[in-house]
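Colleague: got a structure for you, letters missing:
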């Protein structure tokens with residue numbers, strides 16, 4: 001179940017308000033001694049996060065499906081950029097697991113024992129989740145407030161969080177984007193498809209800037225160049241991935257594309273981009289690269305409104 005972006009902030013009876021966590025969405029399945037972790041686009045995650053597998057294996061409840069977010073923290077705030085170090089490695093070393101420890105914040109329960117509970121109202125599912133699992137690191141329960149959504153949003157923004165998720169307490173769980181779950185965002189941030197890159201200038205390595213866009217009616221529309229947010233490791237690693245995806249065909253349909261020193265690539269990679277606002281001509285203002293997303297297919301990427 002996915003949340004819908006909204007510019008409205010409210011405090012509404014019957015709604016629950018959670019901090020928006022900046023990580024990798026995950027469904028955790030357990031049946032008997034078997035545990036499976038899956039990303040939003042159904043990619044297996046067991047090898048990436050073995051400590052989470054063990055946390056599910058040690059639960060007393062033998063059969064359940066939990067929905068949540070895999071996160072790591074940087075100075076008290078969840079950091080998608082830092083989590084990239086784990087997301088890009090199939091089998092992390094013990095040293096990397098110590099350097100980038102992860103937590104699973106559970107916020108919903110879809111199945112318990114022999115019962116599919118997706119049609120049970122959310123506030124009851126929350127109660128069942130709290131009782132069904134034992135929450136100790138790396139498994140945590142996602143807290144929420146049942147009132148003062150606007151105040152919670154202001155508090156989240158002041159503390160540097162990404163925002164708040166507002167959820168209708170009476171809502172059932174649907175496998176789609178829904179207006180029963182809404183995103184109150186403090187900053188503008190969303191996924192974009194990488195369709196090209198520019199040559200590096202000066203002492204820059206790898207590439208200069210990414211050319212990114214989003215799908216509209218099946219066509220990839222150009223949204224702008226992203227030239228900041230990269231460290232040397234990212235420039236080298238992503239530069240190699242881009243070189244392997246080079247194509248003679250421009251994947252974008254929009255006008256206003258750069259042409260000098262540009263390389264087109266097959267639209268296979270999805271990047272998380274932060275920005276200040278959209279311009280009147282549909283471009284990103286002051287965009288910055290946050291990381292690659294492997295939990296979303298390029299065809300799913302649309303402009304959030």
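Modeller: Sure thing, it's come through. Keep in mind that what you see is a predicted model, and the values were worked out from it rather than measured. Residues are numbered from 1 along each chain as shown.
Colleague: Name the residues that touch the host helix or strand of residue 181?
Modeller: Assigned by DSSP states H and E, residue 181 falls within strand 177-185. For strand 177-185, contacts defined as C-beta atoms under 8 Å, 6 or more residues apart in numbering pick out 1-6, 8-9, 20, 149, 153, 156, 162-168, 171, 174. The way it works is simple: take the backbone N, C-alpha and C, and place the C-beta from them, glycine included.
Colleague: mind listing what it pairs with, with the direction of each?
Modeller: Paired with strand 177-185 in the same sheet, following DSSP bridges, are strand 2-5 (parallel), strand 163-168 (antiparallel).
Colleague: Please produce CSV containing those, extended by distance to residue 136, mean pLDDT and mean neighbour count.
Modeller: Putting the strands paired with strand 177-185 into CSV (distance: least, C-beta to C-beta, whole Å; pLDDT from 0 to 100; neighbours: other C-beta atoms under 10 Å) gives the following:
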stretch, distance to residue 136, mean pLDDT, mean neighbour count
strand 2-5, 27, 94, 15
strand 163-168, 24, 97, 22
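Colleague: could you dump the ones you listed to a markdown table with distance to residue 255?
Modeller: Compiled in a markdown table, these are given as follows (distance: least, C-beta to C-beta, whole Å):
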| stretch | distance to residue 255 |
| --- | --- |
| strand 2-5 | 26 |
| strand 163-168 | 33 |
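Colleague: Compare those and give me the one nearest residue 196.
Modeller: Of all these, it is strand 2-5 that lies closest to residue 196, at 26.2 Å by C-beta to C-beta.
Colleague: Off-centre distance for the helix or strand that the closest one is followed by?
Modeller: With elements assigned by DSSP H and E, the helix or strand that comes after strand 2-5 is strand 15-19. Put simply, strand 15-19 sits 18 Å off its chain's centre (C-alpha atoms, centre = their mean, to the nearest Å).
Colleague: List of residues touching strand 15-19?
Modeller: With C-beta under 8 Å, 6+ apart as the test, strand 15-19 has contacts from 107, 122-123, 126, 142-146, 148-149, 152-153, 156, 161, 164-169.
Colleague: Out of these, name the ones that lie in helices.
Modeller: In helices, defined here by DSSP state H, the members of the contacts of strand 15-19 are 122, 123, 126, 149, 152, 153, 156.
Colleague: For ChimeraX, what selects the buried ones among the contacts of strand 15-19?
Modeller: Here is the ChimeraX command that selects the buried residues among the contacts of strand 15-19 (16 or more other C-beta atoms under 10 Å):
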select :107,122,123,126,142,144,145,149,152,153,156,161,164,165,166,167,168,169
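Colleague: Does anything pack onto the one helix or strand residue 264 maps to? Which helices or strands?
Modeller: Assessed by DSSP H and E, residue 264 sits inside strand 262-265. Packing partners of strand 262-265 (3 or more C-beta pairs under 8 Å, 6 or more residues apart in numbering; DSSP states H and E): strand 188-198, strand 246-247.
Colleague: Sheet partners, orientation included, of the longest one?
Modeller: In the sheet containing strand 188-198, its partner strands are strand 210-216 (antiparallel), strand 262-265 (antiparallel), strand 270-275 (antiparallel), by DSSP bridges.
Colleague: So which of those is nearest residue 303?
Modeller: Nearest to residue 303 among the strands paired with strand 188-198 is strand 210-216; the distance by C-beta to C-beta comes to 4.8 Å.
Colleague: Show me which parts of the closest one are buried, residue by residue.
Modeller: Buried residues in strand 210-216 (16+ other C-beta under 10 Å): 210, 211, 212, 213, 214, 215.
Colleague: Now do that strand: everything it contacts.
Modeller: Applying C-beta under 8 Å, 6+ apart, the contact partners of strand 210-216 are 192-198, 220-227, 251-252, 254, 257-258, 262, 271, 273, 284, 287, 289, 298-303.
Colleague: Now with 7 Å, please.
Modeller: 192-197, 220-226, 252, 271, 273, 289, 299, 301-303 (C-beta atoms under 7 Å, 6 or more residues apart in numbering).
Colleague: Name all residues that make contact with the residue nearest to residue 147 when sequence neighbours are not counted.
Modeller: Excluding its sequence neighbours, the residue lying closest to residue 147 (C-beta to C-beta, 6 or more residues apart in numbering) is residue 11, at 6.0 Å. Residue 11 makes contacts with 147, 148, 149, 150, as judged by C-beta under 7 Å, 6+ apart.
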